[in-house]
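Sequence plus the predicted model coming up.
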Amino acid sequence: MIIMGASIFFMKPNQDDLKKETIRQHADSVKKGLVAKTGGITPKAADTTKVPVNAKVDSALLKSPFGAATVGTDKLITLENDNIIVKLTNHGGRVYSVELKDYKTYNKKPLLLFEGDHNDFGLNFTAGNNSINTDKLFFTPSVGELHVAGKDSSTVTMRLSYSATQYIDYIYSLTGTGYKLGLTIKPVGLDEAITNTNSININWAASMRKQEMDMEQERRYTTIYFMNTDENVDYLSSSKDDHQDVNDKKVQWISMQAHFFSDVLIAKKGFDKTSMAVATDVTDSTHSKQMSAALTVTKATDGTYPLEFYFGPVKYNLLKTQGYHLEKQVYMGWGFLAYINRFSVLPVFNFLSQFTSNYGLIILALTIILKLVLSPLTYKSYLSMAKMRVLKPEMDEIKAKVGEDNATLLQQEYLKLYKKAGVNPLGGCLPLVIQMPIVFAFFRFFPSLFELRGQGFLWMHDLSTYDTVFTFHALPLLGWNHLSVMCVLMTISTLIYTYFNNQISGVSGQMKYIGYITPIIFLGALNSYPSGLNYYYFLANMLTFTQQYIIRLMVDDKKIHAQIQENKKKPEVKKKQSGFQARMEEMMRQKQQLPPAKKK
């Protein structure tokens with residue numbers, strides 16, 4: 001823990017270094033064509049098709065494939081249900097903006113996932129000898145607006161005309177509730193006009209708007225997730241500019257995730273080829289990251305390309321109801337930590353939320369339940385440390401007799417004492433080691449938990465981010481501009497816990513003081529982490545201290561000492577040694593036979 005904490009704190013670059021590195025990475029991404037200099041995303045549809053009424057129209061352009069669609073006036077078409085407001089634009093026939101009606105930004109403004117020219121969605125193909133990008137062309141909408149409620153569902157068609165009998169339809173469908181927007185791309189009569197109509201190439205891009213209070217934290221959890229048709233989920237780096245191509249397997253869906261909200265594009269039959277990129281422009285204070293995807297999808301048997309959008313919260317239970325295993329984009333940690341969170345912590349958390357909507361109380365109840373489940377380990381740990389404390393006077397005698405110069409012989413004598421007394425020197429550590437996966441699992445669980453977003457408790461206005469009772473100018477090196485009170489309380493509780501733990505274990509010397517360094521290190525590491533996480537660690541410390549106090553009343557050191565003396569009187573029963581134990585003893589015996597090193 002000490003090594004890990006020290007590496008987190010002392011090896012962490014300062015804010016200036018991070019900013020310089022991010023700018024350098026962004027410049028590299030610009031050179032590679034992943035992002036534009038302005039912070040937009042490549043490919044970006046240039047807004048060059050807005051022609052004033054009195055402007056002269058190029059007659060040659062009108063005669064080219066889809067030439068009539070190069071002229072038009074921007075119009076917005078509103079699609080609305082109980083949960084979302086989607087605005088389509090006839091300029092490209094794409095989704096112009098999405099507002100989530102049930103949620104607000106951290107400063108209580110309407111929550112727009114993206115809007116305007118900060119997103120693209122277009123088809124790229126060849127018609128005749130011309131390269132066509134539908135994002136630059138004007139579509140004709142079938143209706144001006146669409147309101148759907150209850151169990152109803154309806155559609156709106158955006159048509160891109162080649163001729164009266166040849167066209168491409170974007171058929172958007174919306175139900176009365178939910179966060180999904182259906183999109184069926186339907187080409188009609190274009191087999192001879194368009195090269196290779198068996199598949200289409202889609203360019204999709206979006207700059208994710210800032211929704212949360214802390215941009216640094218939001219960027220930390222913002223990236224692209226994707227799942228292939230084998231149901232394996234992967235993601236791009238969230239700490240640096242990144243890109244990835246997937247050509248060997250079909251991709252079922254791609255999620256442009258902005259911490260607590262995501263834009264997901266689903267291909268019912270899968271995308272044949274996928275190229276994704278994510279980049280950060282630190283000079284852009286209104287968008288967390290820029291994301292793009294180049295996709296190839298094959299035509300279905302009915303001649304259409306069926307797709308579906310999900311615009312909504314990254315909430316595990318909600319995503320699970322959407323199908324396609326969208327819940328797998330909720331990152332629960334690596335390896336077996338994900339299983340702890342997904343199959344143990346999350347079900348208990350959801351169960352407790354049925355009884356109260358106060359998430360401060362839910363975290364308290366969750367911590368109590370966890371401590372009760374782990375109480376046998378806590379008891380064994382305390383008992384083992386108490387035995388070591390009782391043995392300490394005898395260990396000091398051995399140390400005085402053998403001396404500190406011969407560490408091998410000293411360790412051998414200690415092992416003999418442990419064996420006679422029936423004490424396992426690691427007994428106090430193993431229960432703590434067993435609990436460490438839970439500590440690390442919670443470290444990832446709380447920052448990803450959508451339910452904490454906007455939930456207040458005591459002075460903490462939002463348990464999903466740090467509490468800001470004190471703010472000040474950014475400190476040199478650390479880069480702090482605030483001090484989290486809950487993080488400070490967590491640190492104090494850890495120092496108190498360390499003090500009493502030293503009393504129990506009887507630790508002395510330098511080891512007595514090393515334990516006090518770790519809490520200070522974690523004060524620096526966790527100051528900008530969610531207050532809900534620090535609140536849990538604070539509760540865990542206080543409950544552990546309470547458990548140990550109760551156990552201390554139950555455990556009598558005199559009885560432990562008497563039991564140890566009885567164990568020492570018992571005849572030694574030889575147990576079959578494991579191969580490892582035998583090798584260790586042989587190594588220690590050989591080392592003992594070596595002549596002592598001469599002092600210089």
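Nice, thanks for sending it over.

Could you give the number of residues near the nearest residue to residue 102 once chain neighbours are set aside?
Leaving aside its sequence neighbours, residue 102 sits nearest to residue 83 (C-beta to C-beta, 6 or more residues apart in numbering; 6.0 Å). All C-beta atoms are positioned from the backbone trio N, CA, C, and that covers glycine. Residue neighbour count, defined by other C-beta atoms under 10 Å, stands at 18 for residue 83.

Quick one: residues contacting residue 83.
Counting by C-beta atoms under 8 Å, 6 or more residues apart in numbering, residue 83 makes contact with 100-102, 177-179, 312.

Go again with 7 Å.
101-102, 177-179 (C-beta atoms under 7 Å, 6 or more residues apart in numbering).

before we move on, what about residue 534?
So residue 534 contacts 484, 486-487, 490, 526 (C-beta under 7 Å, 6+ apart).

among those residues, which are in helices?
Using DSSP state H, the subset of the contacts of residue 534 located in helices is 486-487, 490, 526.

Touching, residue 352 and residue 360? I think so.
No - counting by C-beta atoms under 7 Å, residue 360 is not a contact partner of residue 352; they are 11.7 Å apart.

Surely residue 366 is in a helix?
Yes - counting by DSSP: H, G, I helix; E, B strand; the rest coil, residue 366 falls inside a helix.

per-residue confidence for it?
In this model, residue 366 is scored at 90, pLDDT.

how many neighbours does it have?
For residue 366, using other C-beta under 10 Å, the count is 20.

which ones are touching it?
Counted by C-beta under 7 Å, 6+ apart, residue 366 has contacts 348-349, 352.

Ramachandran angles for residue 96?
Backbone torsions of residue 96, given as degrees, to the nearest 10, read phi -90, psi -40.

Any idea how many residues pack against the residue lying closest to residue 537 once chain neighbours are set aside?
The shortest distance from residue 537 to any non-neighbouring residue, by C-beta to C-beta, 6+ apart, is to residue 490 (4.8 Å). The tally of other residues near residue 490 (other C-beta under 10 Å) stands at 27.

wait, doesn't residue 490 sit right on residue 539?
No - at 9.1 Å, residue 490 does not count as touching residue 539 under the criterion of C-beta under 7 Å.

Next, the distance between the ends of stretch 232-248.
This stretch, stretch 232-248, spans 13 Å end to end (C-alpha to C-alpha, to the nearest Å).

Flag every buried residue along it.
Applying a neighbour-count criterion of 16 or more other C-beta atoms under 10 Å, the buried positions in stretch 232-248 are 233, 235-236, 238, 241-243, 246.

Keep only those of those residues that are in strands.
233, 235, 242-243, 246 (DSSP state E).

Farthest pair within those residues?
Spanning the widest gap among these are 233 and 243, at 17.7 Å by C-beta to C-beta.

if we can go back for a sec, contacts only, for the residue nearest to residue 537.
Residues near residue 490 by C-beta under 7 Å, 6+ apart: 534, 537-538.

Now stretch 233-241 - C-alpha only, PDB.
What follows is stretch 233-241, C-alpha atoms only, in PDB (Å, rounded to 0.1, in the frame of the first residue of the first chain):
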ATOM      1  CA  VAL A 233     -15.800  -5.100 -25.000                       C
ATOM      2  CA  ASP A 234     -12.800  -2.900 -25.400                       C
ATOM      3  CA  TYR A 235     -12.100   0.800 -25.200                       C
ATOM      4  CA  LEU A 236      -9.600   3.500 -26.300                       C
ATOM      5  CA  SER A 237      -7.300   5.200 -23.800                       C
ATOM      6  CA  SER A 238      -8.900   7.900 -21.700                       C
ATOM      7  CA  SER A 239      -5.600   9.400 -20.600                       C
ATOM      8  CA  LYS A 240      -4.100  10.200 -24.000                       C
ATOM      9  CA  ASP A 241      -5.000  10.700 -27.700                       C
END
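
any chance you could map the helices in the stretch 301-450 of the chain?
316-320, 336-340, 346-352, 359-373, 375-402, 407-421, 430-448 (DSSP state H, counting those that start in this stretch).

Lowest average pLDDT across these?
If you rank the helices of the stretch 301-450 of the chain by mean pLDDT, helix 407-421 sits at the bottom with a mean of 69.

and residue 247, backbone torsions?
Dihedral angles of residue 247 (phi, psi; degrees, to the nearest 10) stand at phi -120, psi -20.

no wait, residue 330
Here residue 330 shows phi and psi, under degrees, to the nearest 10, equal to phi -80, psi 110.

my read: it touches residue 318, true?
No - at 10.0 Å, residue 330 does not count as touching residue 318 under the criterion of C-beta under 7 Å.

So what's the residue count around residue 440?
Look at residue 440: counted by other C-beta under 10 Å, it has 15 neighbours.

is it true that it touches residue 337?
Yes - if you go by C-beta under 7 Å, residue 440 and residue 337 touch, sitting 5.8 Å apart.

need the contact list for residue 104.
Each residue near residue 104 by C-beta under 7 Å, 6+ apart is listed here: 110-111.

Quick check: beta-bridge partners of it?
Residue 104 has the following beta-bridge partners by DSSP bridges: residue 110.

And residue 449, how close does it get to residue 262?
Using C-beta to C-beta, to the nearest Å, one gets 15 Å for the distance from residue 449 to residue 262.

what about these two, which has more around it?
Neighbour tally, residue 449 and residue 262, criterion other C-beta under 10 Å: the higher count belongs to residue 449, 28 against 25.

got the phi/psi numbers for the more buried one?
phi -80, psi 110.

For it, give its distance to residue 125.
Residue 449 is 43 Å from residue 125, by C-beta to C-beta.

same deal with residue 111?
Using C-beta to C-beta, residue 111 is found at 35 Å from residue 125.

residue contacts, the residue nearest to residue 168 when sequence neighbours are not counted?
Excluding the flanking residues, the one nearest residue 168 by C-beta to C-beta, 6+ apart is residue 160, at 4.4 Å. Residues in contact with residue 160 (C-beta under 7 Å, 6+ apart) are 66, 69, 93, 134, 137, 139, 167-168.

Output those in JSON lines, with distance to residue 494 and neighbour count appended to each entry.
Formatted as JSON lines, these follow (distance: C-beta to C-beta, whole Å; neighbours: other C-beta atoms under 10 Å):
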{"residue": "66", "distance to residue 494": "66", "neighbour count": "24"}
{"residue": "69", "distance to residue 494": "65", "neighbour count": "24"}
{"residue": "93", "distance to residue 494": "57", "neighbour count": "29"}
{"residue": "134", "distance to residue 494": "58", "neighbour count": "26"}
{"residue": "137", "distance to residue 494": "61", "neighbour count": "25"}
{"residue": "139", "distance to residue 494": "60", "neighbour count": "26"}
{"residue": "167", "distance to residue 494": "67", "neighbour count": "20"}
{"residue": "168", "distance to residue 494": "62", "neighbour count": "27"}
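
Where is pLDDT lowest across these?
The minimum pLDDT among the contacts of residue 160 falls on residue 66, with 80.
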